[in-house]
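Colleague: Just a sequence and a predicted model for now, questions to come.
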Amino acid sequence: MTDQSAERKARVAAWFRQLRDDIVAEFERLEGDHGGNGPVGQFELRETRRGDGGTDEGGGLMSVMRGGRGCETVGVNISTVYGQLGERAVQAMAARPDLAGLKSDPSFWASGISLVAHMQTPRVPAVHMNTRMFWTKDHWWFGGGSDLNPALEFDEDTAHFHDVLRAHCDKHHAEYYARFKAWADEYFFVPHRGRARGVGGIFFDDLNTGDWEADFAFTQDVGRAFLPAYVTLVERRRHEPFDEADRAAQLEHRGLYAEYNLVYDRGTKFGLETGHDASAVLMSLPPIATWH
């Protein structure tokens, strides 16, 4: 490992930790400000390990709040893992020309943050955000995105979420928002249901323009966009009344969310294939869901 790559990996891992801390603090503020009855929810922290828990494979921190006043389940996980990719992961990734070298050297390094929020009220949408960096012997890239998953759709909420994402994308490239929005629309589509998982957002993968600093700066801004994009919606909707039909719609939409994550989501598959902590990988699943 060169001194430059080691320094960059340290910066990436530190950024994801800082972003995690900022997001957890904001959800704790929202939970404390929610009002109502019952105890204020708190994040439970648990360290996670990859593989057999050996010190040479890395791990992360799992932060989950369950059963709060406003937050039904919110998970904010970070991880930095490394070692050797398993045979199936190598076969899947080595099909790409730029990763053909994995067959002879399956070593890798990856760091990222993954967030999913399922709120108590169906008036507030579920949300997902993930950013990550992946490094092999010969190649590196960034990936991630953020998407909104309302059970009850409000046009002004969708517009606000996308406007914030667009503004953060436009700081880096005039084409990023349109390109990555289209990618999200394709990626978060549920083929067996013939519909999108939610109202979209942005998604990008394999981002390597050749300018590491620029790509890292963009990935950071995707993370920074999350709180202004989502917290406004929480504060706008969390005290609105809802009825049993609204709750039924929420639970049915959660079933759709669970189907997508278990059948199609690349992050779920990669986490399980590479031996990361299964509870952390499956944190994205909603606590209660229904199917029809």
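Modeller: Perfect, thanks for sending it.
Colleague: which residues of the stretch 51-200 of the chain score low on pLDDT?
Modeller: Residue ranges of the stretch 51-200 of the chain with pLDDT under 70: 51-56, 92-98, 100.
Colleague: give me that answer again for 90
Modeller: 51-59, 67-69, 81-108, 136-139 (pLDDT under 90).
Colleague: Which residue ranges of it form strands?
Modeller: Remark: strands assigned in the stretch 51-200 of the chain by DSSP state E, counting those that start in this stretch are 58-66, 71-84, 107-119, 126-136, 140-149, 189-190, 195-196, 200-207.
Colleague: Out of those, which is closest to D277?
Modeller: With C-beta to C-beta, the closest approach to D277 among the strands of the stretch 51-200 of the chain belongs to strand 58-66: 7.0 Å. The C-beta positions use only the backbone N, C-alpha and C, and glycine is treated the same way.
Colleague: Off-centre distance for the closest one?
Modeller: Remark: strand 58-66 is offset 13 Å from the chain centroid, using C-alpha atoms, centre = their mean, to the nearest Å.
Colleague: Tell me what angle that strand forms with strand 107-119.
Modeller: 0 degrees (axes from the mean of the first three to the mean of the last three C-alpha atoms, to 10 degrees).
Colleague: by contact count, what packs against strand 58-66?
Modeller: Under the contact criterion of 3 or more C-beta pairs under 8 Å, 6 or more residues apart in numbering; DSSP states H and E, strand 58-66 touches helix 3-33, strand 44-49, strand 71-84, helix 278-281.
Colleague: make it 6 Å
Modeller: strand 44-49, strand 71-84 (3 or more C-beta pairs under 6 Å, 6 or more residues apart in numbering; DSSP states H and E).
Colleague: picking up where we left off before, can you lay out the strands of the stretch 51-200 of the chain as JSON lines showing mean neighbour count and distance to L19?
Modeller: Below are the strands of the stretch 51-200 of the chain laid out as JSON lines (neighbours: other C-beta atoms under 10 Å; distance: least, C-beta to C-beta, whole Å):
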{"stretch": "strand 58-66", "mean neighbour count": "21", "distance to L19": "12"}
{"stretch": "strand 71-84", "mean neighbour count": "22", "distance to L19": "8"}
{"stretch": "strand 107-119", "mean neighbour count": "23", "distance to L19": "6"}
{"stretch": "strand 126-136", "mean neighbour count": "23", "distance to L19": "8"}
{"stretch": "strand 140-149", "mean neighbour count": "22", "distance to L19": "11"}
{"stretch": "strand 189-190", "mean neighbour count": "15", "distance to L19": "27"}
{"stretch": "strand 195-196", "mean neighbour count": "14", "distance to L19": "26"}
{"stretch": "strand 200-207", "mean neighbour count": "21", "distance to L19": "16"}
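Colleague: looking at those, which is closest to R29?
Modeller: Between R29 and these, the shortest separation by C-beta to C-beta is 11.3 Å, and it involves strand 71-84.
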